[in-house]
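Participant: Pasting the sequence and the predicted coordinates here, then a few questions.
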Amino acid sequence: MTMLPPPSLRLDLDTAALADNWRSLDRLSGAARAGAAVKADAYGLGVGNVVPVLAQAGARDFLVAHWSEVPAVLAHVPADRIAVLHGPMSEADCRFARATGVRPVLNSLAQGARWVNTGGGPCDLMVDTGINRLGLALSDLGDPLVARLAVDTLMSHLASADEDVPQNAEQLARFRDVSAAVPARRRSLANSAGIGLGDAYAFDVTRPGLALYGGIPRAELVAAIRQVAYPRAAILQVRQIEAGEGVGYNAAFVASRPMRVGVVSLGYADGFLRCWGARGYLRYEGAKLPLLGKVSMDMVVVDLAAAPGAREGEWVDVPYYLPAASERSSLSQYELLTTLGQRYRA
């Protein structure tokens, strides 16, 4: 088979930072043990790249959203460590759960009935304490079906843990009431931001996602979390443009002077969306290269004035310290990771 030529997009992962982030979050979880949300292909960084590192660091609980995400994770960890957040929407989902050994997260009486009527067994249960997404309604907790569930992990999800608002304490109080009413082997409330709220929110298992991958949803985590993802792109072409010439679609940038510019292999198909345009830049050996004009699907153009030594085929860095990149692009830290696309290669 003919080998692929070298890529013009790279996503370098600091796996030591990834492992350290999990260890830090596990430590900050107090008496609880940190799990790992690895849905959306490990937040865009690749299940195959991430899950073995987290398992080696000590993670034992892995969460995905879709049933279709199970096989990739199952290739690296035992089935009983995997939970599927969206729950069983059909008998086929129940059969798949039993055949593989992964746990469904039940979100409603209908899902609970579907699970019990097809044979039951260990499951997780999500209860809605105020986010009003997936989760069993508090008013349904007294239904006899709930007592028939063999609940491994009783869960809820915080809506506003990245803010200091009364809703956090309200959800905590409701979850404590739920925990007293529903027998379960373990309890879990805190996501990444919830870990930053303190020990009261940790219970038995925490479920970090964003912070594992370098995101910082609360100031309490700044010292504990390191950058993990480092996107890099190649310069496809170096060219000279003259005063009065436009760059890119709609000539959104017009040169006021002769300029040496670089065309870089990076675009909105790679998660580098058009919102980066006005304030965005890339870096070459530390020098800042301002973006010129609109971001295209596969290319951006940068000013090479600060990098006279930059040549075609060389690499430029995409600044991706997530809190700063979020502020600059107006994208959430979650979006910055999960929109990266499929064209990066290690």
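Facilitator: Perfect, I can see it now. Residues are numbered from 1 along each chain as shown.
Participant: Show me the helices in the stretch 51-200 of the chain, by range?
Facilitator: 70-74, 91-100, 109-117, 144-147, 166-181, 192-196 (DSSP state H, counting those that start in this stretch).
Participant: just for the stretch 51-200 of the chain, where's the confidence low?
Facilitator: Applying pLDDT under 70 to the stretch 51-200 of the chain flags no residue at all.
Participant: Only alpha carbons, please: show stretch 293-300 as PDB.
Facilitator: Extracted C-alpha coordinates of stretch 293-300, given in PDB (Å, rounded to 0.1, in the frame of the first residue of the first chain):
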ATOM      1  CA  GLY A 293      -9.000  38.700   5.400                       C
ATOM      2  CA  LYS A 294     -11.600  35.900   5.800                       C
ATOM      3  CA  VAL A 295     -10.900  32.400   7.000                       C
ATOM      4  CA  SER A 296     -11.600  30.000   4.100                       C
ATOM      5  CA  MET A 297     -12.500  26.300   4.300                       C
ATOM      6  CA  ASP A 298      -8.900  25.100   3.900                       C
ATOM      7  CA  MET A 299      -6.700  28.100   4.100                       C
ATOM      8  CA  VAL A 300      -5.900  31.300   5.900                       C
END
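Participant: quick one on the thing from earlier: take the helices of the stretch 51-200 of the chain and write them to a markdown table, including distance to Val51.
Facilitator: C-beta here means a position set from N, CA and C on the backbone, and glycine is covered the same way. Shown next, in a markdown table, are those (distance: least, CB to CB, whole Å):
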| stretch | distance to Val51 |
| --- | --- |
| helix 70-74 | 6 |
| helix 91-100 | 16 |
| helix 109-117 | 26 |
| helix 144-147 | 32 |
| helix 166-181 | 28 |
| helix 192-196 | 17 |
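Participant: Pretty sure Gly267 sits against Leu291.
Facilitator: No. Distance between Gly267 and Leu291: 11.3 Å, which falls outside the contact criterion (CB atoms under 8 Å).
Participant: what domains does the record give for the chain?
Facilitator: The domain map for the chain lists 14-221, 229-319, with the assignment taken from automatic domain parsing.
Participant: So which bits of the helix or strand harbouring Ser24 are buried?
Facilitator: Per DSSP states H and E: Ser24 is located in helix 15-28. Using 16 or more other CB atoms under 10 Å as the test for burial, helix 15-28 gives Thr15, Ala17, Leu18, Ala19, Asp20, Asn21, Trp22, Ser24, Leu25, Asp26, Leu28.
Participant: Just checking: what are the partner strands of the helix or strand following that helix?
Facilitator: Sequence-wise, the next helix or strand downstream of helix 15-28 (DSSP H and E) is strand 33-34. Counting by DSSP bridges, the strands paired with strand 33-34 are strand 205-206 (parallel).
Participant: Would you mind listing the outside residues contacting the strand it pairs with?
Facilitator: Residues outside strand 205-206 that contact it (CB atoms under 8 Å, 6 or more residues apart in numbering) are 25, 29, 32-35, 61, 153, 186-188, 190-191, 194-195.
Participant: For the next helix-or-strand element following that strand, enumerate the helices and strands it packs against.
Facilitator: Once the chain leaves strand 205-206, the next helix or strand it forms, by DSSP H and E, is strand 229-241. Packing contacts for strand 229-241, counted by 3 or more CB pairs under 8 Å, 6 or more residues apart in numbering; DSSP states H and E, involve strand 9-13, strand 259-264, strand 315-317.
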